[in-house]
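In: Sequence first, predicted coordinates after that:
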Amino acid sequence: MKTINLTEQTVRDLNQALHDQAIECTEREWEVLEPKGQHNIACGLDQNLSVDIKGPTGYYCAGMNKKAHVTIHGNAGQGVAENMMSGTVRVKGDASQAAGATAHGGLLVIEGNAAARCGISMKGVDIVVKGNVGHMSCFMGQAGSLVVCGDAGDALGDSLYETHIYVKGEVKSLGADCIQKEMREEHIEELTELLNRAGVDEDPVAFKRYGSARQLYNFKVDNTSAY
Amino acid sequence: MSDDIKVKDGLRESATFDRTTMTEIRRAAETGIYDIRGFGAKRKLPHFDDLLFLGASMSRYPLEGYREKCNTSVTLGTRFAKKPIVLDIPVTIAGMSFGALSANAKEALGRGASLMGTSTTTGDGGMTPEERGQSSKLVYQYLPSRYGMNPDDLRKADAIEVVLGQGAKPGGGGMLLGQKITDRVAKMRTLPMGVDQRSACRHPDWTGPDDLAIKIQELREITDWQVPIYIKVGATRTYYDVKLAVKAGADVIVVDGMQGGTAATQDVFIEHVGIPTLAAIPQAVRALQEMGMHRKVQLIVSGGIRNGADVAKCMALGADAVAIGTAALVALGCNHPMYEEEFKKIGSAAGFYDDYHEGKDPAGISTQDPELMKRLDPVDGGRRLANYLNVLTLEAQTLARACGKNDLRNLEPEDLVALTVESAAMANVPLAGTSWIPGKGF
């Protein structure tokens, strides 16, 4: 295992070393010590690496991740795993705003709570939150799934496209064009698989499903009051 | 009614409620929805035609037009990037999306720009192989929607342009109506086919300049600090925007005036938001100069650039380069009179067509219709664009030499005068024949 202490080396040093692994992989196990909330840690990875970050991270940790498996042993700042393409990002603590924003693929697991706009404009990523999510989560979600084991804040799924949303707890309010939908067998199966991948022990039957009513897909004058 | 009949019969048209205004009121009354269209502002605005060059005279001598060199190359991104982008001419192609434009049109833009050693730019919808393949220098736009955004394309780019706004609609998001969301466009944007696609007006994972500084650092980290990062703003509070962009870490700032075009947005937005390009340049240059960053952070200006005189005037006011969008499409064949009959069939006319969002462009440029798209040969289109870019460059060189300059970037505000009080005030140059700059005394 390779260890990098961010009080001794810079984020630039770390990221360059991790990026170099995409060209020639010499070390798959990485440990990052004393991140102290610095921004842009382990972003742009493109190799099947395991990166353990031992402490809190700032903005955009694991941004645009491909293939790598990144674990944050602490809280994560804004935009964790933003635009992730594949791989796994796991936050042991809470995540700030816009977790998994615009992410196209992979799995993001937040073991604590996620703040506002979790999964905003998500494009295929699967996000599992063991706690609660803040307001406007999944805003303009296009594809993928958001699983919330706790409660969801205001305007969940506003202007939703095709993202699947599952919430176990209370939803304070639904956003424009987001509705509760029937939980059919295929959805139970999908949710079971998501919970298993995330390593979260919850009963899928206890969740409700939400999705797009698809009434705003094409602009209609009669819908202007929805905005 | 023709104007002749109107005069003969002693009729008088209202300047306030003219025929265009009345037509729009009737259209609104019939449909209940605002007018959506493409193109840029159509109203008359203070523009570069309101400026003139002071050629060489007793106090300055000109350069020989056919013998003495006048440099046109410019290097962008010298502040932080390991690989700045070198353009042979200071005219680039502005961001326009695949989706709004056909794949052939995007390829033609790449071919034309490459022939002239300049860059072209992606748009809202990602990078197509045709565009990357034919563009020797390609700027990858980083937009609020992040449609098609991925780190592989990011690393293929020669520069990255973080888009905060555009001149046609500062503060507004994008729009691509369902008729243009074909299977390929839908897949690139991860959207269902045929939806009316709305692009967000602000980025999903940052707000404000402090966050933007961190976002720029992230993009630099992902690309290992190799390529320049531009920030593009629509011209509004340009002086402050430029200062904040410099503080956020931009290598290059792109200021797009309100004459800049769009593929689709509300007419009220196009005509009533933003400031003219002419007014924006001096604000941007002043901000850079006050920070000691003029020529260190390069300035690209766009919005209504049509000819070499416009290019030269932008550079005299302090720009390092210009970008063209609408003019490039016209060079490809947009609004060409050869399609007059077909324009009539869709309720328009050559030279007036602006319904880019409907996807019925007879010239095959702003469409995804396979049959219409075939009308634009990308090789021929690229050649036409290269010819046009060449003319812009030759014209700008002609004017620079006449002012005694051996480099387009040596043009300066002292080479210019204004024809109107308004343009003098906006451009910060004297009214012709006087030494008066409004607001600055004599």
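Out: Nice, thanks for sending it over.

In: Strands of the stretch 51-200 of chain B, residue ranges please.
Out: B:51-53, B:74-76, B:85-87, B:91-93, B:120-121, B:138-142, B:159-163, B:175-176, B:197-198 (DSSP state E, counting those that start in this stretch).

In: among the ones you listed, which is nearest chain A?
Out: Closest approach to chain A among the strands of the stretch 51-200 of chain B (CB to the nearest CB): strand B:197-198, 7.5 Å. C-beta coordinates here come from the backbone N, C-alpha and C atoms, glycine included.

In: what's the closest one in contact with?
Out: A:140, A:159, B:173-178, B:181, B:189, B:191 (CB atoms under 8 Å, 6 or more residues apart in numbering or on different chains).

In: Out of those, grab the one that's most surrounded.
Out: residue B:176 (28 neighbours; other CB atoms under 10 Å in any protein chain shown).

In: Not counting sequence-adjacent ones, nearest residue to that one?
Out: residue B:197 (4.4 Å; CB to CB, 6 or more residues apart in numbering or on different chains).

In: Kindly tell me how buried the one you found is, as a neighbour count.
Out: 25.

In: Where does chain A get nearest to chain B, which residue?
Out: For chain A, CB to the nearest CB, closest residue to chain B: residue A:44, 3.2 Å.

In: Show the pLDDT at that residue.
Out: Note on residue A:44: pLDDT of 98.

In: looking at it, it is touching residue A:61, isn't it?
Out: No - counting by CB atoms under 8 Å, residue A:44 stays clear of residue A:61, with 11.3 Å between them.

In: So for those two, which residue has more residues nearby?
Out: residue A:61 (32 against 27).

In: and residue B:156, how far is that from residue B:143?
Out: According to CB to CB, to the nearest Å, residue B:156 and residue B:143 sit 17 Å apart.

In: higher neighbour count, these two?
Out: When residue B:156 and residue B:143 are compared for neighbours, residue B:143 comes out ahead with 27 against 14, by other CB under 10 Å.

In: okay but that one is in contact with residue B:163, surely?
Out: Yes - using CB under 8 Å, residue B:143 is in contact with residue B:163, at 4.8 Å.

In: Report the contact partners of the residue of chain A closest to chain B.
Out: A:15, A:19, A:63-65, B:151, B:221-223.

In: 10 Å instead?
Out: Going by CB atoms under 10 Å, 6 or more residues apart in numbering or on different chains, residue A:44 touches A:15, A:18-19, A:22, A:60, A:62-66, A:68, A:83, B:151, B:154-155, B:218-224.

In: Residue B:83 now?
Out: Here residue B:83 is in contact with B:77, B:158-159, B:223, B:225-228 (criterion: CB under 10 Å, 6+ apart).

In: Touching both of residue B:143 and residue B:163, which residues are there?
Out: Common neighbours of residue B:143 and residue B:163 (CB under 10 Å, 6+ apart) are B:95, B:123-124, B:174, B:199, B:203, B:232.

In: tell me the mean pLDDT for whichever strand or helix holds residue B:299?
Out: Taking DSSP states H and E as the definition, residue B:299 sits inside strand B:298-302. What strand B:298-302 shows for mean pLDDT is 98.

In: Then stretch A:18-30?
Out: On average, stretch A:18-30 scores 96.

In: And the one residue in chain B that gets nearest to chain A, how far from residue B:80?
Out: Nearest residue of chain B to chain A (CB to the nearest CB) works out as residue B:222 at 3.2 Å. In this structure, residue B:222 and residue B:80 are 14 Å apart, going by CB to CB.

In: Residues of the stretch 51-200 of chain B that sit close to chain A?
Out: Within the stretch 51-200 of chain B, the positions near chain A by CB under 10 Å from any CB of the partner chain are B:142, B:144-152, B:154-155, B:175, B:177-179, B:189-192, B:194-200.

In: repeat that with 8 Å
Out: With the criterion set to CB under 8 Å from any CB of the partner chain, the stretch 51-200 of chain B comes near chain A through B:145-146, B:149-151, B:154, B:177-178, B:189-192, B:194-196, B:198, B:200.

In: Name the SS class of the residue nearest to the spatial centre of chain A, please.
Out: In chain A, the residue lying closest to the centroid (CA atoms, centre = their mean) is residue A:100, at 3.5 Å. Using DSSP: H, G, I helix; E, B strand; the rest coil, the secondary structure recorded for residue A:100 is coil.
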